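*Asks:* When you get a sec, could you give me coordinates for this:
(2 chains)
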There are 2 protein chains.
Amino acid sequence: MKKVRLGIIGLGAQGGAYAGFITDGRVENMEIGAICDNDPAKKDVAKDKYPDVPFYDNYIDMLESGDVDAVVTCVPHYLHPEMGIHALKRDIHALVEKPAGVYTKQVKELNEFAATKPELTFGIMFNQRTNELYQKVKEVIDNGEIGDIRRTNWIITSWWRPQGYYDQSAWRATWEGEGGGVLVNQAPHQLDLLQWICGIPKKVYSNVKYGYQRDIAVEDEVTTLLDYGNGATGVFITCTHDVMGTDRFEILGDKGKIVVDDSKKVTIKRLHKSEKEMSDTMSWADAAKVFMGGDLSEVYSEEVLEFESVWGAQHTAVMENFAANVLDGTPLLAPGSDGINGVALANAIHLSSWLGKEVELPVDEDVYLNELNKKIEEEKRQPIQK
Amino acid sequence: MKKVRLGIIGLGAQGGAYAGFITDGRVENMEIGAICDNDPAKKDVAKDKYPDVPFYDNYIDMLESGDVDAVVTCVPHYLHPEMGIHALKRDIHALVEKPAGVYTKQVKELNEFAATKPELTFGIMFNQRTNELYQKVKEVIDNGEIGDIRRTNWIITSWWRPQGYYDQSAWRATWEGEGGGVLVNQAPHQLDLLQWICGIPKKVYSNVKYGYQRDIAVEDEVTTLLDYGNGATGVFITCTHDVMGTDRFEILGDKGKIVVDDSKKVTIKRLHKSEKEMSDTMSWADAAKVFMGGDLSEVYSEEVLEFESVWGAQHTAVMENFAANVLDGTPLLAPGSDGINGVALANAIHLSSWLGKEVELPVDEDVYLNELNKKIEEEKRQPIQK
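*Replies:* The predicted model follows:
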């Protein structure tokens, strides 16, 4: 195999963008093997833009056509796991879109099946993992440069969406169509980065508002308290109604602190001595001297790094890395099996708000699915008039 | 009365500072009427520094001496309410230190008694209320310039205290001696400002760590989720173990946003149209254009204000305002009756963590006192070895 022939399932905004990246030669070692969409109108679009590419209106047919070595699933979230399984079952490599699914029970099935096919490449489109800024933050944490984590705090409210966004399609922002709001649609990137960089919390308590500032059934406002089980705590905040959105991620360790502003600027403070050593050895009088007008460079060094990210470059980087894994075993930046962690976190945040109490991770997958199904039933009885 | 003769109860760090401010002529319309301390060593200090000022070792004697028109209570928190009541009972004006008390039941008694003496001045040392920065923030909110509040978020971890601070006295950071940690000792200023500016939350859920990074019985780490009962939410975070402390206060309204950094810089964003109007009228395509590289000045204006605060000036401002209220009825910046709000918030944060559930404000004062007394009993059985 010289190039991976990718089958694009779903020629919507995302699938269309990927087709464009490949056609423009922006994805080394990848070509479009086929396109599939069950919307007849998309067939015309495909014929017009990609006249030489085979088109299918059924993805199983495409999987069995011999035209593709791999697929990417640019379809509603609920479908990612079953499409992933069907591909892998036919020895087709699978790159699933994020989130890996809506509820962990289905994602677990995907992961379990994928584990039986270790020779195949199974990836997930966590494009933010290719962001050098977050790679740097992860490296600093993994190297122990700021020590053990005591607190994480991410305010990520820069996901503004007007009502018109939700009104584009009837399935949007419904329990049946999407299985959630900002947690499954916009914030999965941060839910992935948060646990990728800082680990998976043991318990969460959340205050989630459903249809708070938008006429939707699902959540547009989330405040979550995280407990890592070892004393460390955290806060995760997101919403879609802050037009002046904040993106500020702070990580406090016992040897330093990282603050990421706007996913562009990283400020790293490194203590000369660990906080414990400072506490154990400094008198209050000496401490007061330093902190009231003293020279803080005696206490820590500060490094500021600025990054520029190019939208699209992140996606092509995931696609290239995926193709490289298929062709020569280059390690995956975003293994598909990692997808369950962000889904587990989103499920726990939902469930805590539904039950009105703190929940432990992973939450019982049947309890979650049962509650989700109740939301779907309620929604059918009382649909939101968008 | 030309000048208010102040009786200083407690000649510790705070009482000593106030005596110095008055002696240095920094408090208009106030003089030291007498000093009281039950520590014999302080008598020598007073005689040495203030040889002409009467000294008492019993504050009741001072109240009844005719030497003072008003008192300030620079004593352990538990004592503020009873000293306030004893002063007012003898027609002596009372300026209580913050917090007004440890538990609301005792503060309520103080407030109820003070209400029977409306002719007397009853104030509290919320010196941060004199900070022009927070006055400006309150003004912007009260004027409706950023509309109705949707979210508050205060990370105030700049209260670093080494173990040596807690080891200064046996009563420090104990339930019996202080009735709490960072919530009653360091953060009362922010608990006051938060509710003064943004209103009192209806419910709180907290994750509080007791003796997390210090050998103390009380809390050194607090994460709290606030619910204002009208859809608005908030987060309040404080601790004493972050040597690179953060002080960042964000308030999101439906017409704008305020961010206060380090209690020095205020960034005010004012939307040209309300967020609801933007959501209702902007298509997703137009929105995407603006937010992906467009000109954000089309959406909001931004004002940045820098403030310098001088420690001590805030305290003298409260003292001057208190004296002015005594002398000519100038309205109080910090009426004593306001003190209960911060105490109620601190009590609710403690109680939520003790009960492991969300609690409504105000919490039942007897339930709180009962739980506090349990902590005091536990502490007697198993004292922390500092």
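
*Asks:* Tell me the spacing between A:Asp286 and chain B.
*Replies:* 8 Å (Cβ to the nearest Cβ, to the nearest Å). The C-beta positions use only the backbone N, C-alpha and C, and glycine is treated the same way.

*Asks:* separation between that residue and B:Pro162?
*Replies:* From A:Asp286 across to B:Pro162, the span is 8 Å (Cβ to Cβ, to the nearest Å).

*Asks:* Would you mind telling me which of these two has more residues around it?
*Replies:* Higher neighbour count among A:Asp286 and B:Pro162: B:Pro162, with 22 against 14, using other Cβ atoms under 10 Å in any protein chain shown.

*Asks:* Give me the pLDDT for the more buried one.
*Replies:* Listed pLDDT for B:Pro162 reads 97.

*Asks:* next one: A:Phe291
*Replies:* pLDDT, read off for A:Phe291, is 79.

*Asks:* quick one: contacts for it?
*Replies:* B:Trp160 (Cβ atoms under 8 Å, 6 or more residues apart in numbering or on different chains).

*Asks:* contacting residues around A:Ala323?
*Replies:* Counting by Cβ under 8 Å, 6+ apart, A:Ala323 has contacts A:3-4, A:27-30, A:70.

*Asks:* Just the buried ones out of the residues you listed, please.
*Replies:* Burial by neighbour count, judged by 16 or more other Cβ atoms under 10 Å in any protein chain shown, picks out A:3-4, A:27, A:29-30, A:70 from those.

*Asks:* excluding its backbone neighbours, what's nearest whatever residue of the stretch 1-150 of chain A ends up closest to chain B?
*Replies:* Of all residues in the stretch 1-150 of chain A, A:Arg150 sits closest to chain B, at 7.3 Å by Cβ to the nearest Cβ. With Cβ to Cβ, 6 or more residues apart in numbering or on different chains as the criterion, A:Arg150 has its nearest non-adjacent residue at 4.9 Å, and that residue is A:Leu252.

*Asks:* Surely the one you found is within a helix?
*Replies:* No. A:Leu252 is assigned strand when assessed by DSSP: H, G, I helix; E, B strand; the rest coil, not a helix.

*Asks:* Now for it: which residues touch it?
*Replies:* By Cβ under 8 Å, 6+ apart, the neighbours of A:Leu252 are A:146, A:149-152, B:157, B:242, B:244.

*Asks:* Among those, which lie within strands?
*Replies:* A:149-152 (DSSP state E).

*Asks:* before we move on, the earlier item: between the buried ones among the contacts of A:Ala323, which sits nearest B:Glu379?
*Replies:* Of all the buried ones among the contacts of A:Ala323, B:Glu379 sits closest to A:Ala70, with 63.2 Å by Cβ to Cβ.

*Asks:* what's the burial count for the nearest residue to that closest one once chain neighbours are set aside?
*Replies:* Distances taken as Cβ to Cβ, 6+ apart place A:His93 nearest to A:Ala70, at 3.7 Å, with adjacent residues excluded. A:His93 is flanked by 25 other residues according to other Cβ under 10 Å.

*Asks:* measure A:His93 to A:Ala324 for me?
*Replies:* Distance from A:His93 to A:Ala324, by Cβ to Cβ: 12 Å.

*Asks:* Tell me the confidence at A:Ser206?
*Replies:* Note on A:Ser206: pLDDT of 98.

*Asks:* just A:Tyr134 next, same as before
*Replies:* The model's pLDDT for A:Tyr134 equals 96.

*Asks:* which ones are touching it?
*Replies:* Contacts of A:Tyr134 (Cβ under 8 Å, 6+ apart): A:128, A:193, A:196-197, A:260, A:263.

*Asks:* Same check on A:Leu372?
*Replies:* A:102-103, A:175, A:179, A:350.

*Asks:* Tell me, how many residues neighbour A:Asn131?
*Replies:* For A:Asn131, the number of neighbouring residues by other Cβ under 10 Å comes to 21.

*Asks:* re the thing from before, spatially, which two of the contacts of A:Leu372 are the most separated?
*Replies:* Maximum distance among these (Cβ to Cβ): 11.1 Å, for A:Tyr103 and A:Trp175.

*Asks:* In terms of neighbours, single out the busier of these two.
*Replies:* Remark: of A:Tyr103 and A:Trp175, A:Tyr103 carries more neighbours, 27 against 21, as counted by other Cβ under 10 Å.

*Asks:* Just give the closest residue to A:Ala173, not the sequence neighbours.
*Replies:* A:Ile216 is the one closest to A:Ala173 (Cβ to Cβ, 6+ apart), at 3.8 Å.
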